[in-house]
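Visitor: Need a 3D model of the sequence below.
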Amino acid sequence: MAEKIPATVITGFLGAGKTSLIRHLVENNQGRKLAFLINEFGDQGIDRELLLGCGIEGCDEDDVVELANGCICCTVADDFLPAIESLLERESPPDHILIETSGLALPKPLVKAFNWPEIRSRVTVDGVVTVVDAAAVADGRMAPDPEAVQAARREDPALDHDDPLEEVFEDQLSCADIVVLNKCDLLDQDIVDPLREGLAAQLREGTKIVRAAHARLDPAALLGLGSATEDDLENRPSHHDGADDEHDHDDFESFVIGFGPIDDAEAFEARLTATVRDHDILRIKGFLDRPGRDRREAIQGVGPRLHRYFDRDWKPDETRQSQIVVIGFTGLDRPAIERAILG
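Guide: Residues are numbered from 1 along each chain as shown. Predicted coordinates:
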């Protein structure tokens, strides 16, 4: 029997650095033929564009498959399995498959899909990599305080957590083979150390935590783990075990704002930062058309922290336009947000 193709599931909360990690793996792929499945919350296609904007040899459009019909962990039969099968049936199959889940996805139902007969004999889960935004967790904005969660559970083992962010965060940690504690460069060491200890208390025995800045890690630390994670599901508890692998995304919503060129990027960023704070927006990502510039400017934000960079040249046949995706809790005041951002 031919050797199984390894697949790495890269999960983590909104804006933790999953796409940045994948781009770094592409840049340092050591001759591997990689294929990518990108799953986004909503159908905006921004993450796929961010990856394709890297301009790196070996990162071709045909190798990046976007799954945008909802959360991958809820649509494995309709979306994920056909996408995997299409990769396997290629004349030249990939050496390794990287799967980026949306920031709201649960990894365990996805891993379960690797036990389906159609792919079990041909693909194995090399490992689940969970990316954590260290600065966001330290701020208590994007995920709960792990120590506080543990303390509450010790007092009341039957406690039913209602916070969907907390459940997603815990499920992503409990399924991990490796946790990448990313953006450590934004924190002092005396904050990183106790944060790492708090996360370690949440993990299964044997799960490693590695620190990173800008998601830059040696691929050898993340690929080639040989974990066969699909055979170890019992040791990876989930809040949604026994619930037919479905979970509720009604707590979140997203929408796209399209607009024209941006002459003053600093003023635009200031408006965007104020809007994020005023409307409690979780995540911002997109592109800006900067007049007089040949390159497209990408913009990403987690909470009020924003980052801009020029990622690639505008294509000759491409319509230059600005657009951003806004992700937050259900009930966002879209008209007010659009007015505030566009000025």
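Visitor: ok, now how distant is Pro316 from Asp193?
Guide: 50 Å (CB to CB, to the nearest Å). For the C-beta atoms, the positions are set from N, CA and C on the backbone; glycine is no exception.
Visitor: between those two, which one's more packed in?
Guide: Using other CB atoms under 10 Å as the criterion, Pro316 and Asp193 rank with Asp193 on top: 12 against 5.
Visitor: Now do the SS call for that one.
Guide: Following DSSP: H, G, I helix; E, B strand; the rest coil, Asp193 is assigned to helix.
Visitor: next one: the one 3 residues further on
Guide: Recorded secondary structure, Arg196: helix (three-state DSSP).
Visitor: And the pLDDT at it?
Guide: If you check Arg196, the pLDDT there is 92.
Visitor: residues contacting it?
Guide: If you count contacts by CB atoms under 8 Å, 6 or more residues apart in numbering, Arg196 has them with Leu181, Ile209, Arg211.
Visitor: Gly103 now?
Guide: Counting by CB under 8 Å, 6+ apart, Gly103 makes contact with Gly12, Phe13, Leu14, Gly15, Ala16, Lys18, Phe41, Arg283, Ile327.
Visitor: pretty sure Asp185 contacts Ala213?
Guide: Yes: between Asp185 and Ala213 there is a contact under CB atoms under 8 Å: 3.7 Å.
Visitor: okay, and the common contacts of those two?
Guide: Common neighbours of Asp185 and Ala213 (CB under 8 Å, 6+ apart) do not exist.
Visitor: picking that back up, filter the contacts of Gly103 to the buried ones?
Guide: Those of these that meet the buried threshold are Gly12, Phe13, Leu14, Gly15, Ala16, Lys18, Phe41, Arg283, Ile327, by 16 or more other CB atoms under 10 Å.
Visitor: Confidence-wise, which of those comes last?
Guide: Phe41 (51).
Visitor: Which pLDDT value belongs to Asp244?
Guide: The per-residue pLDDT reported for Asp244 equals 51.
Visitor: before we move on, what about Arg216?
Guide: Residue-level confidence at Arg216 comes out at 92, pLDDT.
Visitor: The closest residue to it other than its chain neighbours: what's it in contact with?
Guide: Nearest non-adjacent residue to Arg216, counting by CB to CB, 6 or more residues apart in numbering: His24, 5.3 Å away. Residues in contact with His24 (CB under 8 Å, 6+ apart) are His214, Ala215, Arg216, Leu217.
Visitor: Please list only the buried members of those.
Guide: Ala215, Leu217.
Visitor: Any figure for the gap between the residue lying closest to Leu186 once chain neighbours are set aside and Glu85?
Guide: With CB to CB, 6+ apart as the measure, Ala135 is the residue that lies nearest to Leu186, at 4.1 Å, once sequence neighbours are left out. Separation of Ala135 from Glu85 (CB to CB): 39 Å.
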